[in-house]
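Visitor: I would like the atomic coordinates for the input below:
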Amino acid sequence: MTAIKGYFSALAAIVTSLTRSAAGIFALVIILLVIVLNVAALMRLFEWHWWLALPAAILLIFIPVLGWLAAIVFAVFGGFYLAGSGFDWQKATHAAKPAGSFATMTIMEFDAYRRNVMPGGLARACKEDVGRSLGTGTQLPIRASNYCECYGQASADTLTQADLAYREKTGRYTDEATARVKDAVVSRCGT
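Guide: Take a look at the predicted model:
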């Protein structure tokens, strides 16, 4: 415990001394820039959310030598991603998904697709169908909108990569997959 307290005391002394000069303030700005670039790289490479990437990026700064080297490497990657996306944070931190088949996706690609794309796409399709059937267009009752959001998440959590590959190949889901999704939607969202 004394070693940790001593480390942070020394760190506080360093930060305090850095803020007393222009060069020190410049160094602190560079450290902050490195943290931001690290967050961008970690979000893009590992498909993390910002709230997970930020502590990891800060932790790298506090790990002597190896952490610093990793922070520099991630900062280069982050700078490359930001510059390549025209400094658009959303494009820089989320890799574009290549058009391909569900059958050829890796497990990690499918998991990211299931978390990031499927719920929103299924909810949008549900809302369009409900809007057409009610004749309201995009103006849905709140209950219907909430149901569609729940439907999208429940369906995305239930469908497997094999289910989507089968649908891609045949144009329809298996009866077993349809029944599984229906059960999940009814149990989570009601009718």
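Visitor: Looks like A41 contacts A71 (just checking).
Guide: No - the criterion here is Cβ atoms under 8 Å, and A41 misses it with A71 at 9.7 Å. In this view, the C-beta of every residue, glycine as well, is placed from N, C-alpha and C.
Visitor: Could you chop this protein up by domain?
Guide: 2-93, 102-189 (automatic domain parsing).
Visitor: want to throw these into CSV with mean pLDDT?
Guide: CSV is the format used below for the domains of the chain (pLDDT from 0 to 100):
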stretch, mean pLDDT
domain 2-93, 87
domain 102-189, 88
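Visitor: how about CSV for the ones you listed, with mean neighbour count added?
Guide: Converted to CSV, those look like this (neighbours: other Cβ atoms under 10 Å):
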stretch, mean neighbour count
domain 2-93, 15
domain 102-189, 15
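Visitor: How far away from the center of its chain is stretch 37-55?
Guide: On the basis of Cα atoms, centre = their mean, to the nearest Å, stretch 37-55 is displaced by 8 Å from the centre of the chain it belongs to.
Visitor: Name the surrounding residues that touch it.
Guide: Contact with stretch 37-55 is made by 35, 56-57, 60, 71, 74-79, 81-82, 89, 92-95, 108, 112, 116, as judged by Cβ atoms under 8 Å, 6 or more residues apart in numbering.
Visitor: How far does that stretch stretch from one end to the other?
Guide: End-to-end span of stretch 37-55 (Cα to Cα, to the nearest Å): 13 Å.
Visitor: Over to stretch 147-167?
Guide: Start-to-end, stretch 147-167 (Cα to Cα) is 24 Å.
Visitor: quick one: which helix or strand includes the residue lying closest to S145 once chain neighbours are set aside?
Guide: Computed as Cβ to Cβ, 6 or more residues apart in numbering, the closest residue to S145 that is not its neighbour in sequence is K127, at 6.5 Å. Taking DSSP states H and E as the criterion, K127 maps to helix 118-134.
Visitor: Could you list every helix and strand that the following helix or strand past that helix packs against?
Guide: Per DSSP H and E, the first helix or strand lying C-terminal to helix 118-134 is helix 142-158. On a contact count with 3 or more Cβ pairs under 8 Å, 6 or more residues apart in numbering; DSSP states H and E, helix 142-158 meets helix 107-116, helix 118-134, helix 175-189.
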